[in-house]
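**Q** structure here, sequence nowhere to be found:
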């Protein structure tokens, strides 16, 4: 593999790409481990996760430094992200222990029916470049797949292959020390290796976080297999934020700029389009705020830097007008934060304006009436998140929240979609094309559900049942018995 | 459309096929109804379903007669099926009222996050020929889509277009009387109309029950859309039953014959392959039982009758040996119940032996050792259901149940997979290629989940939240608050 310092473009020493034989061996180890991982009691699996979390926490300064060499997102952000990744993994460990994810149900019949979610088997994880910890080798996808009882084969991200290797090493020690079977986690690297992985009969599901192009390519490949497997791809979209007329006066333009330039605009939940009431001067206020507060930084990879420049150029060519373009950093994969104005007519006539440009750029469009706003909302493609900025008791708010919920997985009121809290009530997947499987999420307790399928046992004696369905309920999990929830 | 009496092949008068304009109008009505259906409180929606169930119950004799003209499954079976369909719809009404399907969760934060499942919108339902009530216009798919808050556009099945029209009329009256919006349920007919339906931008999900060929064609079509929608196809497979050595002596060959010839073998859960220990004379016992108890009946359509004859011929050509072939009925879409013997080596060398032949046919293979059995189990494709026949405290049982759970959605012990109870713990979907979405089911309380996706509201004031997430919990549904379940 190749690795580069985004600040200079200098090549760094990186691990070699995996050969196809190495991919096969890694998957074979995952397949060999699958039954043992699946059979491990919740407490045991939670222990594996907690050991990984402890190691991440203990070594976050050193890991953040390693990450920063490859992604240039800065130490404070990366130290925080690594700490949050550890907290997140601990949260998933608590979810595993709780056991509700097993969906255990018993109908005493006749016939006696007992239903439980079982793990799918080895999961291929394609993490993202922009969150080397949160969505990297030990991010949400890996943690929730292991939590659900599935071995993982992760692909090292080309933006941080050195860190990927370090994270895998860390996890191997933690897993080994807590008794997880060898093969619970594998790591491969390289484009051809990734393709081999998705086509491998031993792989039972794919989790992906990244671009539309990458996610849909994997989804198509999986759909061509003899035995089709699910691909849970969460992909970048233009996340729209709406300002109501009543909120225009107090609108926080600095908050918007901070959100769309956070991490150099490299968030899948970046608010890429602001719809603001006309005659409130919001485009000008945003332009001034960007001029005053734009970050100077670098993008993750040369490819992303080139695509960013081209993407902004395309926006200009389709009629968007640059309001402010700020100075860039020096060297490497630098980029100029930019905000552009578009008209609602322009948005409606050219759908390319509604395609994500990954990086520190956003569009602002003014609407003259609620009808004009609704016409734009009508054409919005599915997105991960949307936002509304409203005043107290704003009469427009309930209708807008409902309208935005139709095209997004999360609706934020008086806030920005960047910043995704991890908990029981989170949803980080939106309608197509934001996610290939909009019923699922890659963040939050429900993320485990991606890697499970239900099995019902009919009239099976206790000894032939998996532990969560046995009469004695040895795992002490919540179950639904004859329709009633029992703890 | 065309309709035929399977007993004679005589054409019956049938409703015309829908024009493409009629399809568009029907979907437009569903789209127009979607918000009102989604917003209806659980009790209201349950009331719609119960009114449909009451009408089915009241009119089951007359409906069964209408059905029998087109499907020739006999009045007793059809009266029972219609009554069961009414019970099933009442069960789904009780599931709607319970409210757990909403998956409501609240994290008090900050940020305040509130997650709930929302309906996807209009659902296209392609029912099955073999269950004109259970999987017809008012079957599981329609009932659970309405239960989940989605309008339905059903396609009349070519095996029972007259009954489909009668069922839609019945439902329209019931829905109208209980205040459901016009457009809650639409009916279209014809192949071209069905294709238009799946491609229509207003349709947000497809439910299908039937053949591999039909289901995969719809799945592919949906995957080619600009906005891809989920297709929940439950398709016929070879459902395997295993007899352990300890159970061979008491093996109930009459039960097997009754199961694989039930409804002239036209069950998606038909046990199509029996794996029996060698030297217990089981093939001969099955052959004798079929000779004594084979039904004389008709298949649903001419197409199915032709495919059945060809399918059995193909089995013979790939090396299966006919053990018994019994006399057929006279006239129409008649078929000869047949049981064939295959070797485990044959099964392993020719995968076409593991493809479903729809109709009253089954294969019996003898295994000489556990290793030989395991080699066959290793190559079984995914199926809806499997079965094991075991003795009391059978040492082989736990391992076989676990092994079969890897390739099927339901494992039946000492019974047969035909006969699918409706309840909280049922699972009627199996690994690919039995189901396009093995995490889902078309039967049982969980069937509603197919037509929902989660949305999270972040920091939204009470007035902007949907009822299930409001502070006062006006729908009185179970919710998870800060990780703890509350009723």
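**A** Here it is on my side, so go on. Quantities reported herein were computed from a predicted structural model and do not represent experimental measurements. Numbers count the residues shown, from 1 in each chain, chains lettered A, B, ... in the order given.

**Q** going by C-alpha atoms from here, please, whenever you check contacts or count neighbours.
**A** OK.

**Q** how close does the closest residue to residue A:443 other than its chain neighbours sit to residue A:438?
**A** Nearest non-adjacent residue to residue A:443, counting by CA to CA, 6 or more residues apart in numbering or on different chains: residue A:428, 5.6 Å away. Counting by CA to CA, to the nearest Å, the gap from residue A:428 to residue A:438 is 9 Å.

**Q** any shared contact partners between those two?
**A** residue A:409 (CA atoms under 8 Å, 6 or more residues apart in numbering or on different chains).

**Q** can you pull out the strands in the stretch 101-250 of chain A?
**A** Ranges of strands in the stretch 101-250 of chain A, per DSSP state E, counting those that start in this stretch, are A:105-107, A:113-119, A:123-126, A:152-155, A:185-188, A:205-210, A:231-235, A:239-243.

**Q** just these: most buried one?
**A** strand A:123-126 (a mean of 30; mean count of other CA atoms under 10 Å in any protein chain shown).

**Q** show me what it is packed against.
**A** Applying 3 or more CA pairs under 8 Å, 6 or more residues apart in numbering or on different chains; DSSP states H and E, one finds that strand A:123-126 makes contact with helix A:140-148, strand A:152-155, strand A:205-210.

**Q** and the first one with chain B, contact?
**A** When you say that, I think you mean helix A:140-148. No: Helix A:140-148 stays clear of chain B (CA under 8 Å from any CA of the partner chain), getting no nearer than 13.5 Å.

**Q** returning to that earlier point: and the strands of the stretch 101-250 of chain A as a markdown table, adding mean pLDDT and distance to residue A:362?
**A** As requested, these are exported to a markdown table (pLDDT from 0 to 100; distance: least, CA to CA, whole Å):
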| stretch | mean pLDDT | distance to residue A:362 |
| --- | --- | --- |
| strand A:105-107 | 98 | 48 |
| strand A:113-119 | 98 | 41 |
| strand A:123-126 | 98 | 27 |
| strand A:152-155 | 98 | 31 |
| strand A:185-188 | 98 | 35 |
| strand A:205-210 | 96 | 19 |
| strand A:231-235 | 96 | 18 |
| strand A:239-243 | 98 | 10 |
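
**Q** give me the contacts around the helix or strand hosting residue A:347.
**A** Assessed by DSSP states H and E, residue A:347 sits inside helix A:344-349. Identification of contacts with helix A:344-349 by CA under 8 Å, 6+ apart yields A:319, A:353-354, A:365-367, A:372-373, A:375-376, A:379.

**Q** need the helices and strands packed on strand A:123-126 in TSV (columns: distance to residue A:286).
**A** TSV is the format used below for these (distance: least, CA to CA, whole Å):
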stretch	distance to residue A:286
helix A:140-148	33
strand A:152-155	39
strand A:205-210	28
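
**Q** returning to what we had before: how about CSV for the strands of the stretch 101-250 of chain A, with distance to residue B:222 added?
**A** Shown next, in CSV, are the strands of the stretch 101-250 of chain A (distance: least, CA to CA, whole Å):
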stretch, distance to residue B:222
strand A:105-107, 32
strand A:113-119, 27
strand A:123-126, 25
strand A:152-155, 29
strand A:185-188, 33
strand A:205-210, 20
strand A:231-235, 16
strand A:239-243, 25
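
**Q** related to what we said a few turns ago, buried set for the helix holding residue A:347?
**A** Using 16 or more other CA atoms under 10 Å in any protein chain shown as the burial criterion, the residues of helix A:344-349 that qualify are A:344, A:347-348.

**Q** hey, which helix or strand in chain A has the poorest pLDDT?
**A** Across the helices and strands of chain A, mean pLDDT, DSSP states H and E gives its lowest value to strand A:484-486, namely a mean of 92.

**Q** quick one: furthest residue from the center of chain A?
**A** No residue in chain A sits farther from the centre than residue A:110, which is 43.5 Å out by CA atoms, centre = their mean.

**Q** from residue B:415, how far out is that one?
**A** Taken as CA to CA, the span from residue A:110 to residue B:415 is 12 Å.

**Q** get me the contact residues on the stretch 301-450 of chain A for chain B.
**A** Residues of the stretch 301-450 of chain A lying near chain B (CA under 8 Å from any CA): A:397-399, A:401-402, A:405, A:408-414, A:421, A:423-427, A:432-433, A:438-440.

**Q** buried subset of these as a PyMOL selection?
**A** Here is the PyMOL command that selects the buried residues among these (16+ other CA under 10 Å):
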select buried, chain A and resi 397+398+401+405+408+409+410+411+412+413+414+421+423+424+425+426+427+432+433+438+439+440
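
**Q** circling back: which of the buried residues of helix A:344-349 lies closest to chain B?
**A** Within the buried residues of helix A:344-349, the smallest distance to chain B is 17.0 Å, found for residue A:348 (CA to the nearest CA).

**Q** quick one on the thing from earlier: sheet partners, orientation included, of the least confident helix or strand of chain A?
**A** Here strand A:484-486 is paired, per DSSP bridges, with strand A:479-481 (antiparallel).

**Q** could you pull up the mean pLDDT of the partner strand?
**A** Taken as a whole, strand A:479-481 has a mean pLDDT of 98.

**Q** would you say residue A:339 is within a helix?
**A** No: using DSSP: H, G, I helix; E, B strand; the rest coil, the secondary structure at residue A:339 is strand, not a helix.

**Q** now it, nearest residue through space, not along the chain?
**A** With CA to CA, 6+ apart, the residue lying closest to residue A:339 is residue A:362, at 5.0 Å.

**Q** the inter-axis angle of the helix or strand the one you found falls within versus strand A:239-243?
**A** Secondary structure assignment for residue A:362, by DSSP H and E: strand A:361-367. Going by axes from the mean of the first three to the mean of the last three CA atoms, to 10 degrees, strand A:361-367 is angled at 40 degrees with respect to strand A:239-243.

**Q** what residues does strand A:361-367 touch?
**A** Contacts for strand A:361-367 (CA under 8 Å, 6+ apart): A:260-261, A:265, A:271-278, A:283, A:312, A:320, A:337-344, A:373.

**Q** filter the residues you listed down to the buried ones.
**A** Applying 16+ other CA under 10 Å to the contacts of strand A:361-367 flags A:260-261, A:265, A:271-277, A:283, A:312, A:320, A:337-344, A:373 as buried.
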